[in-house]
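[1] Predicted model, plus sequence, below.
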Amino acid sequence: MTPPLPPGSTIGILGGGQLGRMSALAAARLGYRCHVYAPEAGSPGMQVAAAATVAPYEDEAALARFAAAVDVVTFEFENVPAATLAALAPLAPCRPGVEVLRICQDRLAEKAFLERAGVPVAPWRAVEDEAGLAVAIAEIGLPAVLKTTRLGYDGRGQAVIRRPEDAAAAFTRLAPKPLILEAFVPFVAEVSAIAARGEDGATAVYDAVENRHRDHILDLSFAPARLPAAEAARGHALRVAESLGLVGVLALELFVLPDGRLLGNEIAPRPHNSGHWTMDGCAASQFEQHVRAVAGLPLAPAARHHDVVMKNLVGPEGLSLWPGLLRNPEVVPHWYGKSEARPGRKLGHANRLLALGSLSTLEDAAALKGL
Ligand code: AMP
């Protein structure tokens with residue numbers, strides 16, 4: 001085990017988005033500097049970081065300079081090329097490591113891993129070509145969801161196949177290949193849980209939340225989830241963190257079936273949008289927990305001191321909600337400093353704080369008042 005990084009050390013973050021920004025803010029509170037590496041100048045993360053490198057992820061010279069300037073490397077989104085982390089690994093400690101990244105950026109590896117870790121998943125098949133798709137459809141049945149195995153997010157890179165004659169068009173449209181076919185899950189709710197694991201193997205897991213989406217983008221998280229399956233979801237997230245040997249935080253997204261059973265969907269090996277409620281509902285947020293893990297510090301408790309409804313502020317509607325949210329004393333607002341309010345872009349979020357234990361007594365309309 002390596003000793004904890006002393007205050008004043010520098011955490012390198014690959015990726016310039018809001019997750020890196022909020023990690024950098026949490027790191028600053030613990031006395032660390034952050035150095036953000038991303039291809040785009042002026043990104044949300046860079047605005048609050050002590051140092052920045054603007055370079056492509058494939059720029060080996062820039063990566064070597066970055067590694068020399070930081071004490072540890074982490075990433076804030078899992079579409080950073082695995083080759084980038086592999087190039088950095090001999091030069092600086094990388095947490096989480098490249099194997100975790102490889103598993104989580106490939107849906108086929110991820111599904112196989114979830115099964116090995118004991119998390120049930122919907123039936124799935126790898127699909128290399130159209131003939132393989134026909135076989136997979138015969139085995140799994142319809143409806144089914146065809147997805148790219150890489151680089152998909154917020155519902156991009158997938159198609160629901162309802163009739164056999166829809167298969168060819170879906171196969172042609174989706175790229176890059178190979179693809180994965182999953183049985184369509186008739187879920188009644190989507191839940192997720194954030195788990196952290198430290199260098200010392202200690203773990204912490206936040207309460208599971210219920211997530212609602214709009215246009216395939218997360219809209220609301222209800223913390224805690226008002227579902228009997230919530231405890232099992234936490235257990236699964238913890239098991240995944242332990243099985244991965246993770247150092248950092250992860251989110252495990254799961255479907256809840258009508259009979260209450262859970263099926264794992266995705267692992268995000270980083271702070272996650274569905275964990276933003278922890279910023280105001282817990283003493284230590286998912287971002288602080290991530291920084292603690294990456295810096296080799298002890299983890300903090302993941303206990304909840306408030307119930308929270310998290311509302312994502314997505315462009316351009318999010319911009320119009322902002323002034324009202326600032327006037328609402330029950331709401332803690334967060335804004336990411338993005339340069340444009342393009343449709344579908346996450347601009348910020350708002351956490352509505354509710355007394356501990358009160359969310360389960362509220363109808364949705366009351367829980368969402370003012371959001
Ligand atoms: P993903 O990119 O895998 O997180 O999927 C985005 C969204 O598509 C999920 O949040 C679900 O609402 C829906 N979805 C994904 N996979 C399935 C599935 N196998 N069955 C039904 N809905 C799905």
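    Happy to help now that I have it. Residues are numbered from 1 along each chain as shown.
[2] For the rest of this, base every contact and every neighbour count on C-alpha atoms.
    OK.
[3] Please enumerate the helices of this protein.
    18-29, 60-69, 82-88, 98-104, 107-116, 130-140, 167-173, 230-244, 278-281, 286-295, 317-326, 364-367 (DSSP state H).
[4] For the fifth one, which helices and strands make contact with it?
    Counting contacts by 3 or more C-alpha pairs under 8 Å, 6 or more residues apart in numbering; DSSP states H and E, the secondary-structure elements packed against helix 107-116 are helix 98-104, strand 262-268.
[5] Swap in 6 Å and give it another go.
    Of the remaining helices and strands, those touching helix 107-116 by 3 or more C-alpha pairs under 6 Å, 6 or more residues apart in numbering; DSSP states H and E are helix 98-104.
[6] Show me the contact partners of the helix it packs on.
    Where contact means C-alpha atoms under 6 Å, 6 or more residues apart in numbering, the residues beyond helix 98-104 that reach it are Leu85, Ala109, Glu110.
[7] now it: how far from the chain's centre is it?
    Using C-alpha atoms, centre = their mean, to the nearest Å, we find the averaged C-alpha position of helix 98-104 to lie 14 Å away from the chain's own average C-alpha position.
[8] Tell me how many other residues crowd Gly31.
    The criterion is other C-alpha atoms under 10 Å. On that basis, Gly31 has 13 neighbouring residues.
[9] so it touches Pro7, yeah?
    Yes - with the criterion set as C-alpha atoms under 6 Å, Gly31 and Pro7 qualify as a contacting pair; they are 4.8 Å apart.
[10] re the thing from before, quick check on the contacts of helix 98-104: which are buried?
    Buried by 16 or more other C-alpha atoms under 10 Å: Leu85, Glu110, out of the contacts of helix 98-104.
[11] Spell out which parts of the stretch 201-350 of the chain neighbour the ligand.
    His216 (C-alpha under 6 Å from any ligand atom).
[12] and Pro269, what does it touch?
    Contacts of Pro269 (C-alpha under 6 Å, 6+ apart): Leu250.
[13] May I have the predicted confidence score for it?
    In this prediction, Pro269 carries a pLDDT score of 98.
[14] buried ones in stretch 11-31?
    Within stretch 11-31, the residues that count as buried by 16+ other C-alpha under 10 Å are 11-28.
[15] Contacts for that stretch next, please.
    Judged by C-alpha under 6 Å, 6+ apart, the contacts made with stretch 11-31 from elsewhere in the structure are 7-8, 34-38, 43-45, 70-76, 287-288, 291, 336.
[16] just the buried members of these?
    Listed as buried from these are 34-38, 43-45, 70-76, 287-288, 291, 336; burial here means 16+ other C-alpha under 10 Å.
[17] domains of the protein?
    Domain assignment for the chain by automatic domain parsing gives 10-94, 123-183, 189-367.
[18] least reliable of the ones you listed going by mean pLDDT?
    If the domains of the chain are sorted by mean pLDDT, domain 123-183 sits at the bottom with a mean of 94.
[19] do you know which of the helices of the chain lies nearest Leu252?
    When the helices of the chain are ranked by proximity to Leu252, the top entry is helix 230-244, at 5.5 Å, counting by C-alpha to C-alpha.
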